[in-house]
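Peer 1: Let me see the structure of the following:
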Amino acid sequence: MNVTTPTVVASPQLSWTTGLLSLAIPLLAYVVYQVYVAIARPTLSELDGPPVTRLLGGHMSMVLDPGRSPIVHEKFVQQYGRNVRIRGITPWDERLLPMDPVSISHIMKQSLVYEKPWQSRRLITGLIGCGMLAAEGQVHKRQRRVATPAFSIQNMKALVPLVFRKGEELRDRLMEVIDLETDLTPGDGATLDVCRWISRATFDVIGIAGFDYQFNAIHNEDNELFCAYKDMFEVAVSQGQSMVKSILGIYFPIINKIFPDERIRAVSRGQETIQRVASQLVQDKKRKLEEGEKTGKLYEGRDLLTLLLKSNMSTDIAPEQRISDEDILHNINTFMFAGSDTSSLALTWTLLLLAKHPQIQTRLRAELLATRPSIPFSSLSEDEIASLYDTLSALPLLHNVCRESLRLIPPVHSSLRVAVKDDIVPVSAPFKGRDGKIRDSIFVPKGTFVHVPVEALSLDREIWGPDAWQFVPDRWDSLPDAVATLPGLFSNILAFSAGPRSCIGQRFSMIEMKSFLYILLTNFEFRETDAKVVKANVVLTRPYVSGKYKEGSQCPLIVVPLGRGHEETEEETVVCKERQIQWFSQKAAQAVEGTGRNERLTEMNTRYLKAYCRPTSPDFTRPTHTPAASAIRVYVLFLPNKPFLGDLTSSDEVTENDEPLKLGSDTAAAARFPDGPALV
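Peer 2: You can find the predicted model right below:
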C-alpha cells in the first residue's frame, strides 16, 4: 500500500514572522552587548558635560546641526570648559567634544590612534570603495604615498587652463539660460539655483582633471557615467536624511541584501556603470603609458589617473608598496565625490555671502577687473592663463574672501574619530575635573568617539574676536594672536583638515575656487532673493531654502550680467575703460602690422574704431557703459568724427540701426580682424 507523504507549505505570514524573528534576536543581542561594553569600558568621568535629557540620541542633534551648533558650542565652553563630555546614541555612549586647539591638534596629528570609525568606513566603502577617504593605517599611508606626486604644485598648476576653460563654459551657459528667461532690458537678471549650476561645472572639471573624461554636465545631464555618480551622490545625501535606515544598514548589511530598497538598487546600478566605464579608462591609460615606454614617446596626460598610474609604476615606489588597479579606481571615485562636492559647496556659499554683502562684492570685482587681460580669453595661450592665475593668487582681497568663506561656512561641519587605543590628550591650560582635582591632560580610553568640531573652532569668538560670526574678509589683514595657535592645513582653519589625513587636493581646490570666482564675478553680479537660505548638515554643510527641505539642496540667487542693470562704481568704470582701450589699441596695431601702412592707424585714431557688445560676449572685458546699449552683439563700426581714444560716453551710444563694417566681404580686412565683426 502506497502512502503519500503530505507536503508542508509555510504560509507567507509564517515566513515573514520567522524572518523578522531571525533579525530581531541578533539585533537584541547586539544592543545588550553594546550596552554592556559601554558600561564596562573606562569613561570620560573626569570631564564635565551637559546632562542626559533623553534615552536615545543624546546630544547629537545639538552639536551636529549647523543652524544652532555655534550657540551650543559657545555655551558648552562657558559652562563646561574646552573639552566636554557629551552622549551619543545612548546615555552610556560617552564621547569627547574637544574645543581646545591644543587637544584638537594632538588628535588630528595622531592618525594611527584616532581613526575613522568602522561604521563610517563601511558606509563610504559601500559607495565609492576603499580610497584615501576610507582607508586607515598602512593602507592609507601606502595610497597617499603613491598619490602625493600627482598632487605636486607643478602638476596642479598644469590644470589651471582646464579649470579656466570650464569656467568660461559655465559663464556662456549661464548667459544662454538668462537670455532664454529674460528680455534684454536694463535691470534684468534671472533667479538661478547657483548650487546646481556650480555643482555641474565642478563635476565637469573633476571629470577631465580626474581621468580625462568629458561629462559635459554643464550642457546636459544625460551622460551615463555622470548619471551614475549623480545617483550615488543622491543616495549619500538621502542616507544623511534617513538616519535610522542608514544605521541599520551599517550594523546589519544583510538587511540591505534581503530587503533592498530603491536607494540600494541605485547604488548597485551606479557601481556597475562606474566599474565598467572607469575600468576601461584605467586600462586605456595603462596601455598608452606602456606603449610610450616601448616607443620612447612618453604619454603626457595631465589627468590625475595618468599621474597616479605613472607614480605607481615609478621605480621610486617599491613593488610591495604599489597599489592595485582597484585601489586606483577607488581613489578616482574618492576624488570625484570629495573634489566636486566640497568645491561646489565652497563656491556656492561664497557667492551667497557676496550677495549678502554687495559692497564687498563690488570691491572684489574691481580688484579682479584690474587683472583682466587686454585680449579675449579665447586668444590666451595656456602659458598666459597660467600667468594670469599667478596674478590672481597674489590678489589680497580675493585670498581673504576665500579664506573668510571657508572659515565661516566650511563644507565639512565636523569630523568623527574613534580612539583605537588608550591615549593621553594634552590641554592648553589645567582644568578642574568633576572630582575637584586639577588636571593637565585627559585620559581617552580605547573605543571613545571623538567629535572634532571643524566649524566651531572657526567661529570661536574667544579666539577670532566678537565679530567671528560675521563675514569680514578684512580680518585676515590683522588676525588676533590666538589664531596662530589653531591647527589646520590652510590658514589655521580645518576646512582642509590637518595632520597626516589632511586634504591632498587642497591646492587644486583653491585653483578651482579662485578661477571660478574670477570668471563669474567679472561677468555677473549676484544678488539675494527673498528666499531664506539656511545651513543643513547632510553629509556636508548644504544650502536649503527654509520651509522647502523636501525640494533638496538649493541656493537661489539673482544673476545679472554686468552691463545689464549693474550700476558700476567709478573705480570699476575707470578700470573697464582702460581695459577696452588696451584691447582696441592692440587690434589697431595688428591691423597696421598686417598692412604695413601707417596711415591706417591715423585713420583709426581720428575716424573710427568703436566696439560695442552685449554681455553675452565671451571675449570682451565689459560692454560699453550704458545699460541701454547692451542688447546687441559686438561690432567694429565706422563712426565718422568719433575719436577712437576718446571718452566712452552716453552720447556715443550705438543701436542696432547703425551700419556695421562688413568685414566678411573684404578678404584683406577679414585677415586683419580675424575675430570678425560679430564676436559673440
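Peer 1: average model confidence for the longest strand along the chain?
Peer 2: Longest strand in the chain, counting residues (DSSP state E): strand 423-432. Averaging pLDDT along strand 423-432 yields 96.
Peer 1: Just after whichever strand or helix holds R165, pick out the following helix or strand.
Peer 2: According to DSSP states H and E, R165 maps onto helix 160-181. Downstream of helix 160-181, the next assigned helix or strand under DSSP H and E is strand 190-193.
Peer 1: which strands and helices sit next to that next one?
Peer 2: Counting contacts by 3 or more CB pairs under 8 Å, 6 or more residues apart in numbering; DSSP states H and E, strand 190-193 is packed against helix 160-181, strand 556-561. For glycine as for every other residue, the C-beta is placed from the backbone atoms N, C-alpha and C.
Peer 1: now the ones you listed in CSV, with mean pLDDT and mean neighbour count?
Peer 2: Compiled in CSV, the helices and strands packed on strand 190-193 are given as follows (pLDDT from 0 to 100; neighbours: other CB atoms under 10 Å):
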stretch, mean pLDDT, mean neighbour count
helix 160-181, 91, 19
strand 556-561, 95, 22
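Peer 1: Quick one, which of the ones you listed gets closest to S103.
Peer 2: S103 lies closest to helix 160-181 among the helices and strands packed on strand 190-193, at 37.3 Å (CB to CB).
Peer 1: residues in contact with the closest one?
Peer 2: Outside helix 160-181, the residues that touch it by CB atoms under 8 Å, 6 or more residues apart in numbering are 188-190, 192, 197-198, 200-201, 204-205, 208-209, 218-219, 302, 377-378, 382, 385-386, 388-389, 511-512, 515-516, 518-520, 523-524, 559, 561, 615-616, 618.
Peer 1: between it and strand 556-561, how many degrees?
Peer 2: Calculated by axes from the mean of the first three to the mean of the last three CA atoms, to 10 degrees, helix 160-181 forms an angle of 100 degrees with strand 556-561.
Peer 1: and helix 160-181, how far from the chain's centre?
Peer 2: 17 Å (CA atoms, centre = their mean, to the nearest Å).
Peer 1: Redo the helices and strands packed on strand 190-193 as JSON lines? Include distance to I328.
Peer 2: Listed next are the helices and strands packed on strand 190-193 as JSON lines, based on distance: least, CB to CB, whole Å:
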{"stretch": "helix 160-181", "distance to I328": "20"}
{"stretch": "strand 556-561", "distance to I328": "38"}
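Peer 1: Tell me which of those sits nearest to P445.
Peer 2: Closest among the helices and strands packed on strand 190-193, using CB to CB: helix 160-181, at 46.2 Å.
Peer 1: for the stretch 51-200 of the chain, what are the low-confidence residue spans?
Peer 2: Residues of the stretch 51-200 of the chain meeting the criterion pLDDT under 70: 182-187.
Peer 1: what about stretch 354-374, average pLDDT?
Peer 2: 93.
Peer 1: Can you say which of the contacts of helix 160-181 are buried?
Peer 2: Using 16 or more other CB atoms under 10 Å as the burial test, these include 188-190, 192, 197-198, 200-201, 204-205, 208-209, 218, 302, 377, 385-386, 388-389, 511-512, 515-516, 518-520, 523-524, 559, 561, 615-616, 618 as buried.
Peer 1: Mark which of those residues are part of strands, please.
Peer 2: Going by DSSP E, the strands hold 190, 192, 524, 559, 561 from those.
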